[in-house]
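J.: Attaching a predicted model along with its sequence, questions to come.
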Amino acid sequence: MSDPAPVQRLVARHPVASFVVLAYLLAWGCWLPLLADRQDWVSWSASPYLHLIGGLGPAAAGLIVTAAVRGPDGVRKLVRACVAWRGRLGWLALAALGPLVLFGLAVVAARVLDGTWPRLDQFGASTEYAAMPIALYWAANLLFYGYGEEIGWRGFLQPWLQRRHTALTAAVAVSVAWALWHLPLFGITPTYRAMPAIGFVGFYLSLLVGALILAWLIITSGGSILVVAVFHAVFDIATNTPTTTQLIPTLMGAAVTIAGLATIPYLARIRPTGP
């Protein structure tokens, strides 16, 4: 049997690079069959649920690298952060209700600007997973996209980068890795495939703003991955809800951009935590 110690030592010496590479490999390995299918490289069809499974890549990478670097105690700490709710009910309410309130305000604004009420009978539904019941889709969104991404990006990478950088610099660095992680989806999901090449710039800027808000949220909530996972899932559900106007996600994006920019002075003041 091969000795795992050299690999473990390599991961321990380069935890950030190891996490990023592993997060990409695990997710992209799930998404490659979908990409081949959507691009007509193969004659068979891949399950759309591979998109969901790939969302667990950052979480798996975060847990694996944490186990290699911090051992069982580090993994237990990361897992506890996934259910950390005591003393954080206000933050949980903000995470769960904030995107919904923002959606409601965008609906009213769209009514004023368009002169008609957008159709909302499909609120919370998914065009990508149309056969999935709404309640199951919400639960899957929380598990695969909320926890699947946030255990890695905010639970592992953000605090690890903050050891040597300000929270702002760390959040910007996370946004780059997070954006590039999505690249295969530009050949898979209909919304991404419809974007022109320049659309990736706007996409990155939206993730940059998201990274700032999520960094602020996990820091101010005392490191609760539960809080950021809930926010991530509910915001995704609200912005991807099928409606009869594009004004709603556009207005929500504008509001979130303002909120993200407002976090910059706070994040810039959070100094490196050290080893």
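T.: Ah, there it is.
J.: thinking residue 179 is in contact with residue 205, fair?
T.: No: counting by Cβ atoms under 8 Å, residue 179 does not reach residue 205; the two are 9.3 Å apart. To be clear about C-beta, it is placed using only N, CA and C from the backbone, and glycine gets the same treatment.
J.: Between the two, tell me which one has more neighbours.
T.: residue 179 (18 against 15; other Cβ atoms under 10 Å).
J.: Tell me where the stretch 51-200 of the chain has helices.
T.: Assigned by DSSP state H, counting those that start in this stretch, the helices in the stretch 51-200 of the chain fall at 57-81, 89-114, 134-140, 148-152, 158-161, 167-181, 190-193, 199-220.
J.: Tell me which of the ones you listed sits most buried.
T.: helix 148-152 (a mean of 28; mean count of other Cβ atoms under 10 Å).
J.: Show me what it is packed against.
T.: For helix 148-152, the elements it packs on are helix 57-81, helix 225-239, judged by 3 or more Cβ pairs under 8 Å, 6 or more residues apart in numbering; DSSP states H and E.
J.: Out of the ones you listed, flag the one nearest residue 34.
T.: Closest approach to residue 34 among the helices and strands packed on helix 148-152 is made by helix 57-81 (13.5 Å; Cβ to Cβ).
J.: the inter-axis angle of that closest one versus helix 199-220?
T.: 10 degrees (axes from the mean of the first three to the mean of the last three Cα atoms, to 10 degrees).
J.: gap between residue 142 and residue 248?
T.: Note on residue 142: its distance to residue 248, by Cβ to Cβ, to the nearest Å, is 21 Å.
J.: does residue 200 really touch residue 182, like I thought?
T.: No: counting by Cβ under 8 Å, residue 182 is not a contact partner of residue 200; they are 9.1 Å apart.
J.: Can you pull the residues that touch both of these two?
T.: Residues within reach of residue 200 and of residue 182 at once, by Cβ atoms under 8 Å, 6 or more residues apart in numbering: there are none.
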